[in-house]
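Undergrad: have a look at this fold, sequence not included:
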């Protein structure tokens, strides 16, 4: 029988399932006299270790810590939409839209289609067509939301796995070029140079990457126009939602990334998919500030594991055929490992990111002036917890300006003894899609 987890240890880490265990001590010394004011040591802790929350953002690894990350992301996103956390409420009057940039098609896959509340057939065809491998390129079924076939190609041998992993790997660069082109497009529409536009206007954004069931990423982004000073500065009067929408549409369709050519692999020009969704963010309706913030925060804690792949890196001991993944993900991983051996694609680091199906970018990012930072939110939480501990007598009230803290910590492992038993009950499949996501498959 495993040793029970002390309730105090679980509360201390916020319910973390895989805490980092430390051994050591901290000495608090008066900076003026050199006198030892207080000493903390882990000797008297249960098991002689101090558990620290892992603070991962991945819901598949630790739901309690991921929930804190989700809540912080929600506050960060909403502050940039309605104000708060040091952002003025007048930011809600700035032109702001919710954008979804999707990936192109790499072959027909099973999908769930709806219209007026009715579920439609997956891929009906009047004339039966077959691929070169003799497989019908049609599906008349009405798939349920949790159907395991969603995102699976109709013919795996025809599906362009090489193109899919290359798009995932180049998606961050495609986004970077999109943001540059967007500013240039706004300047051209306003009849200004880039420098003249920067004096009057600033483009602020926050985005999150989401994996579609077919194994490719698409981006959800909040794009806002401010004055040159940021969210506290109103944009010029000539800036409108219509102007921003037109500029986003033109910029998204203009950018591309060309991959290097390699032996047996011609260069490819990668672009965004044809499905581009741009919706104004309002205080009421289908796309409100609350819904957008909740939607972006939800996917900030997800990763590629929702497509049926791993939530960890591959090791030399892993054999592709033995990985606990679905076959569609296995083919993506095999393509990453195969392409990763080509010297021309070395910079993409496909082998290192095979578990992510080639994607190696940050899942949630924001521009500098969009709103507050995660660091400031965490600092406020730490200050609140410190004040609570002092008021409860759990921590001495020491002046940080005159107290010297000397620490000596050593890594002692990670996890609770009951981690395997707790994980089975707390883990749950991530939700898919939503009213703000036009392309989930």
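TA: Structure's in. What do you need? As the structure is a prediction and not an experimental result, all values here were calculated from the model.
Undergrad: could you use CA atoms for every contact and neighbour count after this?
TA: Noted.
Undergrad: buried ones in the top helix by length along the chain?
TA: Ranked by residue count under DSSP state H, the longest helix found in the chain is helix 161-190. The neighbour-count check on helix 161-190 (16 or more other C-alpha atoms under 10 Å) flags 161-172, 174-175, 177-179, 181-187 as buried.
Undergrad: next: stretch 384-397.
TA: Buried, per 16+ other C-alpha under 10 Å, within stretch 384-397: residue 386.
Undergrad: name the residues that touch that stretch?
TA: Outside stretch 384-397, the residues within contact range by C-alpha atoms under 8 Å, 6 or more residues apart in numbering are residue 38.
Undergrad: now do it: distance from first to last residue.
TA: Terminal residues of stretch 384-397 are spaced 13 Å apart (C-alpha to C-alpha, to the nearest Å).
Undergrad: how far off centre is it?
TA: 34 Å (C-alpha atoms, centre = their mean, to the nearest Å).
Undergrad: and the helices in the stretch 101-250 of the chain?
TA: Ranges of helices within the stretch 101-250 of the chain are 161-190, 194-200, 241-254, based on DSSP state H, counting those that start in this stretch.
Undergrad: how about those helices, which one is nearest residue 234?
TA: helix 194-200 (9.6 Å; C-alpha to C-alpha).
Undergrad: from the chain's centre, how far out does the closest one sit?
TA: On C-alpha atoms, centre = their mean, the centre of helix 194-200 falls 31 Å from that of its chain.
Undergrad: by contact count, what packs against it?
TA: helix 161-190 (3 or more C-alpha pairs under 8 Å, 6 or more residues apart in numbering; DSSP states H and E).
Undergrad: returning to that earlier point: and the angle for the longest helix of the chain with helix 241-254?
TA: 140 degrees (axes from the mean of the first three to the mean of the last three C-alpha atoms, to 10 degrees).
Undergrad: ranges for the helices of the stretch 251-400 of the chain?
TA: For the stretch 251-400 of the chain, the helices defined by DSSP H, counting those that start in this stretch occupy 289-299, 327-339, 374-391.
Undergrad: ok, which of those helices comes nearest residue 269?
TA: The nearest among these, by C-alpha to C-alpha, is helix 327-339 at 16.6 Å.
Undergrad: run through who's touching the closest one.
TA: So helix 327-339 is contacted by 152-153, 156, 161-162, 164-165, 214-215, 307-309, 320-321, 323, 345, 350-351, 353-355, 357-358 (C-alpha under 8 Å, 6+ apart).
Undergrad: list the buried residues of it.
TA: Within helix 327-339, the residues scored as buried using 16+ other C-alpha under 10 Å are 328, 329, 330, 331, 332, 333, 334, 335, 336, 337, 339.
Undergrad: repeat that for stretch 236-254.
TA: Within stretch 236-254, the residues scored as buried using 16+ other C-alpha under 10 Å are 239, 241, 244, 245, 247, 248, 249, 251, 252.
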